[in-house]
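Asks: Build the 3D model from these lines:
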Amino acid sequence: MESARCRAFLESVERGSFKAAADALGYTPSAVSQLVAALEKELSLNLLIRSKKGVTVTGEGRKLLPIVRSFLAREKEMYELASELQGLSVGNLTIAAYPSVATTWLPELVRTFQKDYPDIEFSIMEGVRQEIFRHLDDHVADMGFLAYAEPMDYEWIPLAEEEMIAVLPENHPLAGESAYAVKNMEKDKIIMTSWGQDAEILELFRRNNITPNIKYTTYDTPASLALVRMGLGVSICNELAAQYWNDHLVKLPIDPPSKITFGIAYTSEDHMTAASKKFLSYAVKYLTQPEV
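Replies: Residues are numbered from 1 along each chain as shown. From the prediction side, this is the model:
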């Protein structure tokens, strides 16, 4: 199986047309079409549905996508390892991460890494837990930064613990308290991230036998905290997620206290590229070093 054919197929699926795939690959649309047709002939399968509007993947093609991504990832691994053996450090890394990690830990970590390896290219994909797992399963991301929760079907390296906190509007009746009792979540209007499916917060509810009064759901923490700032309710998050949000908000520890563990998930070190392994070692060293 030729990698050029696989790459043409993958780009066509992800971009929705031969023209867009050609622009990304530096080919002509005709060349991309011919490469995909050659792959279909080789596999004796129809992989794409062609129309005037572009292309869409067939059921058979969709089932092949994870294998195609894995095949191309192994090819990338081979070339990066060859470069590493020549004393070079080239390649690219795709990191999937919670927005809280992407805006706090990763910028400094990437800056530190690029001082030693300036030719590595980075793609950072922010997402909630389900999206990070999907990126790992589809071999789109090399690793994911997120909080631990069961089930964890990946290799896992714990990095740091973060306290869960309540974030209140500054005029909330409990804003002057030393802590926010989680039982208050049954009467306060609650603003939930991750479309109301945040695994760490749902576990907090379960552990404390709480039926929360969920009034609003958002995609990520910044949107939730913006609603809190407008006085629309209370949100629960971890300290890292709210680190840069301080104006017109009150942050309180919750009672009883609760912590979550942030770390790195990846499918297998055997399948990681040389650049991925090196970045993983940097991340562990940088994020687990004692505070001075």
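
Asks: List the buried residues in the longest strand seen in the chain.
Replies: Across the chain, the strand with the greatest residue count (assigned by DSSP state E) is strand 155-169. For strand 155-169, a neighbour-count test (16 or more other Cβ atoms under 10 Å) marks 159, 162, 164-169 as buried. C-beta coordinates here come from the backbone N, C-alpha and C atoms, glycine included.

Asks: Please work out which residues outside stretch 275-292 touch it.
Replies: Contact partners of stretch 275-292, identified using Cβ atoms under 8 Å, 6 or more residues apart in numbering, comprise 80, 89-93, 95, 105, 108-109, 112-113, 117, 120, 142-143, 157, 159-160, 264, 266, 269, 272.

Asks: got the contact list for residue 256?
Replies: 182, 208.

Asks: Which strands or helices does the helix or strand of the chain with the lowest mean pLDDT pack on?
Replies: Every helix and strand in the chain was compared by mean pLDDT, DSSP states H and E; the lowest is helix 59-85, with a mean of 84. Packing partners of helix 59-85 (3 or more Cβ pairs under 8 Å, 6 or more residues apart in numbering; DSSP states H and E): helix 3-15, strand 91-97, helix 274-288.

Asks: and those as JSON lines, adding mean pLDDT and distance to residue 59?
Replies: Below are the helices and strands packed on helix 59-85 laid out as JSON lines (pLDDT from 0 to 100; distance: least, Cβ to Cβ, whole Å):
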{"stretch": "helix 3-15", "mean pLDDT": "92", "distance to residue 59": "13"}
{"stretch": "strand 91-97", "mean pLDDT": "89", "distance to residue 59": "26"}
{"stretch": "helix 274-288", "mean pLDDT": "87", "distance to residue 59": "31"}
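
Asks: Which one of these lies nearest to residue 205?
Replies: When the helices and strands packed on helix 59-85 are compared by Cβ to Cβ, strand 91-97 sits nearest residue 205, at 24.4 Å.

Asks: then the next helix or strand after the closest one to CSV, C-alphas only?
Replies: Under the assignment DSSP states H and E, the closest C-terminal helix or strand after strand 91-97 is helix 99-116. Only the C-alpha atoms of helix 99-116 are listed here, as CSV (Å, rounded to 0.1, in the frame of the first residue of the first chain):
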residue,chain,number,x,y,z
PRO,A,99,-8.4,24.1,27.4
SER,A,100,-7.1,24.7,30.9
VAL,A,101,-3.9,22.8,30.2
ALA,A,102,-3.6,24.4,26.7
THR,A,103,-3.6,27.9,28.2
THR,A,104,-1.5,27.4,31.3
TRP,A,105,1.0,24.5,31.1
LEU,A,106,1.6,24.0,27.4
PRO,A,107,2.8,27.5,26.2
GLU,A,108,5.7,27.4,28.6
LEU,A,109,6.4,23.7,28.0
VAL,A,110,6.4,24.2,24.2
ARG,A,111,8.7,27.2,24.6
THR,A,112,11.1,25.3,26.7
PHE,A,113,11.1,22.3,24.3
GLN,A,114,11.6,24.5,21.2
LYS,A,115,14.8,26.1,22.7
ASP,A,116,16.4,22.7,22.2
